[in-house]
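K.L.:
sequence first, then the predicted structure, then my questions.
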Amino acid sequence: MSTALVCFQNDLRIDDHPALYQACQNHDFVIPIYVYDPGMGSAQKWWVHHSLRALQQQLSEKGMILGLYRGKVQDIVMNLVKTHGLDAVYWNHAITVQGKGVYAAVAKQLDHMGVKNQQFNGHLLCNPDQIRTSTGSIAKVFTPFWRHCLQNMVIPDPMIISAKDRMVPLVSDDLDDWSLLPQHPNWAKEFDQHWQPGVTGAVKKLEHFAEGGLSHYAIRRNDLGKEGVSSLSPHIHFGELSLWQIYRRVGQQTGADPEGVRVFISQLGWREFSYYLLHHFPHLPDQNFKEKMNFPWKTDETTLTAWKKGQTGFPIIDAGMRQLWHTGTMNNRARLIVSSFLTKNLMTDWRVGAAWFMDTLLDADEANNSAGWQWVAGCGADAAPYFRIFNPILQGQKFDPDGTYVKRWVPELADVPARVIHDPEKIRASSHGSGLFGGHYPAPIVDLDETRQAALQAYKELTD
DNA sequence: TGAAATGTTGGGGCG
DNA sequence: ACGCCCCAACATTTC
């Protein structure tokens, strides 16, 4: 009789889980474990609590009991291996910089002890070591990278595990003891109106999107007032859906507009590109990808706090930041607008914005978040040119023309006509302006034109 | 996955 | 009738 350990990370599913699948194929008993990382963002702690509950249930139905542990992964794994005489340890490749280091050490020690250990790709569509440009260098531009991926991609058949014989539970933590849910105050109280963590909720979202929004995705993804996006990102981040499952599902959707499918799949491509960059440049989260773009960042706690709280006086910015606070997510277009505003109009270091997103976004992801912020700040791979500065008024008028998005998240402006709602000056001049500014909605915290010119000047001096 | 400044064109008002 | 000017509307360039 042989027993294997399977280490779960952000792959909280049981199907299309290569490590779990192999363990179940090769061994009589399988012990799945999850080790908690207290460095996780606050919003994600809420998610992972519920997702682990769901995973426990799913594993239990297959005869497996999820062990929950805190502490150093290496100590925990070695202790289990020695105490229970385990025959093998399996896991999907770690995808964070820290996780890679941790698991490399685990593999080394297991090798040293002569304990079988195997790692699998559970998170990516392509092996990042196999994608190169035609000259053999690391790809730094999205389009050729993604074309190469699409050509090399192999989507495996579904990996479905069968039930194992039930084991006696190991001594492990109780999920409730981790106190992952916020109390006093419970700022996550609205989250469950928007989200159902775990595979069941993930599949519901995938089905809903494939049958509905997918066809119109190419256009509506930018439409802030409509539910045009898939909202799958937290489920993808925690690995409740495999990329292969998503890829298969959208490909099978009959009658879907091929352009919608193509654009949606290309979003998986941007994720893939971010992971590729992080794999080859482990400093992506803390250093400029383009080293020379070391902007003269400013530190201003007052404007930073206004940005975080959605009190900048620019309706589209405030709507985005409040959507983030209330729901743990933000429309991608809105992310571009608020991050351009923070880095360019407020001249705030992109790492400061990235840290706030890591703490508040349910889908916060080291690779995507770092690559995205660097892209906006102009120091990333295939980045927006430094002079591309979004005007929040124009962006609002363009992508939220009837003001639906602003009115939903900034209720102070609910009665302001759509014609003026994105422009603070026009609101002030309208009959609704009196009493609004300086009252319960803030006046703009910066002058758009001045800050734009200042940013251009600062960026220009970098290149001189 | 920009915005603003600058350049060009063409219709219409007007002397 | 004709040239001139104005200025949208659109295109191009620049940041």
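P.N.:
Okay, I see it.
K.L.:
how about the residues of chain A near DNA strand C?
P.N.:
By C-beta under 7 Å from any atom of the strand, the part of chain A that sits against DNA strand C consists of A:Pro385, A:Phe387, A:Leu456, A:Lys460. Quick note: C-beta positions are derived from backbone N, CA and C, even for glycine.
K.L.:
doesn't the second one belong to a strand?
P.N.:
So the one you mean is A:Phe387. No - A:Phe387 sits outside any strand when classified using DSSP: H, G, I helix; E, B strand; the rest coil, being coil.
K.L.:
excluding chain neighbours, what is closest to it?
P.N.:
Leaving aside its sequence neighbours, A:Phe387 sits nearest to A:Leu456 (C-beta to C-beta, 6 or more residues apart in numbering; 6.1 Å).
K.L.:
A strand includes that neighbour, no?
P.N.:
No - using three-state DSSP, the secondary structure at A:Leu456 is helix, not a strand.
K.L.:
surely it and A:Ile389 touch.
P.N.:
Yes - applying C-beta atoms under 8 Å as the test, A:Leu456 and A:Ile389 come out as touching, 7.5 Å apart.
K.L.:
got the contact list for the closest residue in space to A:Ala188 that isn't next to it in sequence?
P.N.:
What sits nearest to A:Ala188 in space, not counting adjacent residues and going by C-beta to C-beta, 6+ apart, is A:Trp46, at 4.5 Å. Listed by C-beta atoms under 8 Å, 6 or more residues apart in numbering, the contact set of A:Trp46 reads A:Leu180, A:Leu181, A:Pro182, A:Ala188, A:Phe191, A:Gly328, A:Leu362.
K.L.:
okay, those residues in CSV with distance to DNA strand B and pLDDT next?
P.N.:
Rendered in CSV, the data for the contacts of A:Trp46 read as follows (distance: C-beta to the nearest atom of the strand, whole Å; pLDDT from 0 to 100):
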residue, distance to DNA strand B, pLDDT
A:Leu180, 31, 97
A:Leu181, 33, 97
A:Pro182, 31, 96
A:Ala188, 28, 96
A:Phe191, 25, 97
A:Gly328, 20, 97
A:Leu362, 19, 98
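K.L.:
restricted to buried residues, select those in PyMOL.
P.N.:
Command for PyMOL that selects the buried part of the contacts of A:Trp46, burial taken from 16 or more other C-beta atoms under 10 Å:
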select buried, chain A and resi 180+188+191+328+362
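K.L.:
of the contacts of A:Trp46, just say which sits nearest to A:Asn79.
P.N.:
Nearest to A:Asn79 among those is A:Leu180, at 23.2 Å by C-beta to C-beta.
K.L.:
thinking again about what came up before, would you list the residues of chain A next to DNA strand C in JSON lines and tack on distance to A:Lys308 and neighbour count?
P.N.:
JSON lines is the format used below for the residues of chain A next to DNA strand C (distance: C-beta to C-beta, whole Å; neighbours: other C-beta atoms under 10 Å):
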{"residue": "A:Pro385", "distance to A:Lys308": "27", "neighbour count": "8"}
{"residue": "A:Phe387", "distance to A:Lys308": "26", "neighbour count": "12"}
{"residue": "A:Leu456", "distance to A:Lys308": "25", "neighbour count": "14"}
{"residue": "A:Lys460", "distance to A:Lys308": "29", "neighbour count": "11"}
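K.L.:
out of those, the closest to DNA strand B would be?
P.N.:
Using C-beta to the nearest atom of the strand, the shortest approach to DNA strand B within those belongs to A:Phe387, at 4.5 Å.
K.L.:
which SSE is A:Asp192 in?
P.N.:
Using DSSP states H and E, A:Asp192 sits in helix A:191-194.
K.L.:
that helix: which residues count as buried?
P.N.:
When burial is assessed from 16+ other C-beta under 10 Å, helix A:191-194 yields the following buried residues: A:Phe191.
K.L.:
got it, and stretch A:409-416?
P.N.:
A:Trp409, A:Val410, A:Leu413, A:Val416.
K.L.:
straight-line length of it, end to end?
P.N.:
According to C-alpha to C-alpha, to the nearest Å, stretch A:409-416 extends 13 Å from its N-terminal end residue to its C-terminal end residue.
K.L.:
again with stretch A:90-105
P.N.:
Calculated as C-alpha to C-alpha, the first-to-last residue distance of stretch A:90-105 is 14 Å.
K.L.:
how about A:Leu125, secondary structure?
P.N.:
Counting by three-state DSSP, the backbone at A:Leu125 sits in coil.
K.L.:
ok now do it, which residues does it touch?
P.N.:
The neighbourhood of A:Leu125, defined by C-beta under 8 Å, 6+ apart, consists of A:Cys149, A:Met153, A:Ile155, A:Leu243, A:Trp244, A:Tyr247, A:Leu268, A:Glu272.
K.L.:
got it, and A:Pro315?
P.N.:
A:Pro392, A:Gly396, A:Gly403, A:Val406, A:Val410, A:Leu413, A:Ile421, A:His422, A:Pro424.
K.L.:
between these, identify the one with the most neighbours.
P.N.:
In terms of neighbour count, A:Ile421 stands highest of these at 30 neighbours, by other C-beta atoms under 10 Å.
K.L.:
tell me the backbone dihedrals of A:Tyr34, please.
P.N.:
phi -130, psi 130 (degrees, to the nearest 10).
K.L.:
now do the phi/psi pair for the closest residue in space to it that isn't next to it in sequence.
P.N.:
On the basis of C-beta to C-beta, 6+ apart, the spatially nearest residue to A:Tyr34 that is not a chain neighbour turns out to be A:Phe8, at 4.5 Å. In this entry, A:Phe8 is assigned phi and psi values of phi -90, psi 140 (degrees, to the nearest 10).
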